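Undergrad: got a structure for you, letters missing:
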């Protein structure tokens, strides 16, 4: 479902993966904005059927928002 790891020397401190079956791109973007707040940077890249999410703040998409 969701895996998380710390990223080395970068502004994006946390890297996480989420399968695309759990959220559409639009919903994921909105949930991340709501969860992380307006002043936190994040980036999402979709590879095949997995979102690769990088953020400057730790988060848990599956447990916190998307059900």
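TA: Thanks, I have it. This is a predicted model, so every value here is computed, not measured.
Undergrad: going forward, measure contacts and count neighbours with C-alpha atoms only.
TA: Will do.
Undergrad: What helices and strands are in contact with whichever helix or strand residue 29 is part of?
TA: Taking DSSP states H and E as the criterion, the element that holds residue 29 is helix 25-36. Judged by 3 or more C-alpha pairs under 8 Å, 6 or more residues apart in numbering; DSSP states H and E, the packing partners of helix 25-36 are helix 61-64.
Undergrad: Just list whatever residues bridge to the residue most central in space within the chain.
TA: With distances taken as C-alpha atoms, centre = their mean, residue 53 lies nearest the centre of the chain, 3.8 Å away. Beta-bridge partners for residue 53, by DSSP bridges, are residue 16, residue 44.
Undergrad: Now for it: which residues touch it?
TA: 15, 16, 17, 18, 42, 43, 44, 45 (C-alpha atoms under 8 Å, 6 or more residues apart in numbering).
Undergrad: mind giving me JSON lines with those and columns for pLDDT, neighbour count and distance to residue 33?
TA: Putting the contacts of residue 53 into JSON lines (pLDDT from 0 to 100; neighbours: other C-alpha atoms under 10 Å; distance: C-alpha to C-alpha, whole Å) gives the following:
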{"residue": "15", "pLDDT": "88", "neighbour count": "22", "distance to residue 33": "16"}
{"residue": "16", "pLDDT": "88", "neighbour count": "20", "distance to residue 33": "15"}
{"residue": "17", "pLDDT": "90", "neighbour count": "19", "distance to residue 33": "17"}
{"residue": "18", "pLDDT": "90", "neighbour count": "20", "distance to residue 33": "16"}
{"residue": "42", "pLDDT": "89", "neighbour count": "19", "distance to residue 33": "9"}
{"residue": "43", "pLDDT": "91", "neighbour count": "14", "distance to residue 33": "11"}
{"residue": "44", "pLDDT": "93", "neighbour count": "17", "distance to residue 33": "12"}
{"residue": "45", "pLDDT": "93", "neighbour count": "12", "distance to residue 33": "15"}
